[in-house]
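Student: Could you work out the structure for the sequence below:
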Amino acid sequence: MKHFILAAFCLLLASQAHAQFGIKGGINEAVLTGRVGEDATYKTYFHAGLFYEQKLIGPLSIQPELLYSLQGSQLKGATTVTNYTTQLNYIQVPVLLKLTFGPVYVEGGPQFGYLVAANEDGMVQVRNSSGNVAFASVDQASTGNYKRGDFALCAGVGLKLGSVVRVGGRFVAGLNDINNLQYLQGVNDPQLQNRVFQFYAAFQLPKL
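Tutor: As a prediction, the model looks like this:
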């Protein structure tokens with residue numbers, strides 16, 4: 001038993017010797033797909049957070065991250081006067097497998113998101129006091145219009161610039177429907193999903 005504990009302790013120390021923390025941030029080019037009766041175009045937002053890279057074997061490592069990410073879309077009605085911006089504020093936790101070949105790496109894996117807040121700004125469709133459809137210019141919270149949970153898959157590529165700086169790009173494809181509206185006049189239950197292109201710079205701290 002003593003030998004087992006000693007071996008486990010040595011293994012833990014060895015694994016920590018290959019662990020690295022870091023910070024990262026960059027821009028999001030985001031859109032919401034699945035709108036019915038509205039044209040969605042990409043909107044520029046940002047993301048920032050922390051990551052932890054743990055070497056596994058050879059060129060393979062695992063990299064969980066904790067990010068604050070702004071997403072959403074610019075939405076314009078195809079046949080109506082709606083024209084507004086939707087901003088979704090997420091806490092995102094990607095858990096990525098990473099393969100490194102010299103200065104180049106590729107990465108991919110699942111991402112789990114939690115919606116903190118949402119906002120709509122512009123001309124939107126509303127209902128007046130009599131229940132009829134109307135349009136109004138608003139700048140309002142819209143968190144209740146979206147589901148809190150978001151599950152996505154990520155894939156990307158990056159480049160090491162020396163021992164500290166990393167730059168890369170990533171595509172994030174939401175898999176579940178985040179629409180939480182139940183009664184929409186003239187809209188047939190749109191299935192809303194996040195689509196995000198991320199471009200980032202990362203700064204990796206020295207190995208522990």
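
Student: Which elements pack onto the helix or strand where V126 lies?
Tutor: Element membership for V126 (DSSP states H and E) is strand 104-127. Helices and strands touching strand 104-127, by 3 or more Cβ pairs under 8 Å, 6 or more residues apart in numbering; DSSP states H and E, are strand 60-77, strand 83-101, strand 133-141, strand 149-161, strand 165-174. From N, CA and C alone the C-beta is placed, and that goes for glycine too.

Student: Parallel or antiparallel, list what pairs with the third one.
Tutor: For strand 133-141, sheet partners with direction are given as strand 104-127 (antiparallel), following DSSP bridges.

Student: got it, and the longest one?
Tutor: Using DSSP bridges, strand 83-101 pairs in its sheet with strand 60-77 (antiparallel), strand 104-127 (antiparallel).

Student: wait, which of these is closest to Q20?
Tutor: With Cβ to Cβ as the criterion, Q20 lies closest to strand 60-77 of those, at 9.0 Å.

Student: Now that closest one: buried residues?
Tutor: For strand 60-77, the neighbour count (16 or more other Cβ atoms under 10 Å) marks 61, 63, 65, 67, 69-77 as buried.

Student: what are the bridge partners for L159, then?
Tutor: Under the criterion DSSP bridges, L159 forms beta bridges with V104, V167.

Student: Is it in contact with V167, as I believe?
Tutor: Yes - at 5.6 Å, L159 counts as touching V167 under the criterion of Cβ atoms under 8 Å.

Student: where in the protein is pLDDT low?
Tutor: 1-18, 35-37, 78-79, 127-133, 181-190, 208 (pLDDT under 70).

Student: hmm, back to that, Throw the helices and strands packed on strand 104-127 into TSV and include distance to A40, thanks.
Tutor: Below are the helices and strands packed on strand 104-127 laid out as TSV (distance: least, Cβ to Cβ, whole Å):
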stretch	distance to A40
strand 60-77	5
strand 83-101	9
strand 133-141	18
strand 149-161	16
strand 165-174	13
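
Student: out of those, nearest to N180?
Tutor: With Cβ to Cβ, the closest approach to N180 among the helices and strands packed on strand 104-127 belongs to strand 149-161: 10.6 Å.

Student: now the angle from that closest one to strand 83-101?
Tutor: Note on geometry: by axes from the mean of the first three to the mean of the last three Cα atoms, to 10 degrees, strand 149-161 and strand 83-101 are set 50 degrees apart in direction.

Student: And strand 149-161, what does it pack against?
Tutor: Using 3+ Cβ pairs under 8 Å, 6+ apart: strand 149-161 touches strand 83-101, strand 104-127, strand 165-174, strand 193-204.

Student: Going by neighbour count, list what's buried in the first one.
Tutor: Right, the one you point to is strand 83-101. Residues of strand 83-101 classed as buried by neighbour count (16+ other Cβ under 10 Å): 83-84, 86-90, 92, 94, 96, 98, 100.
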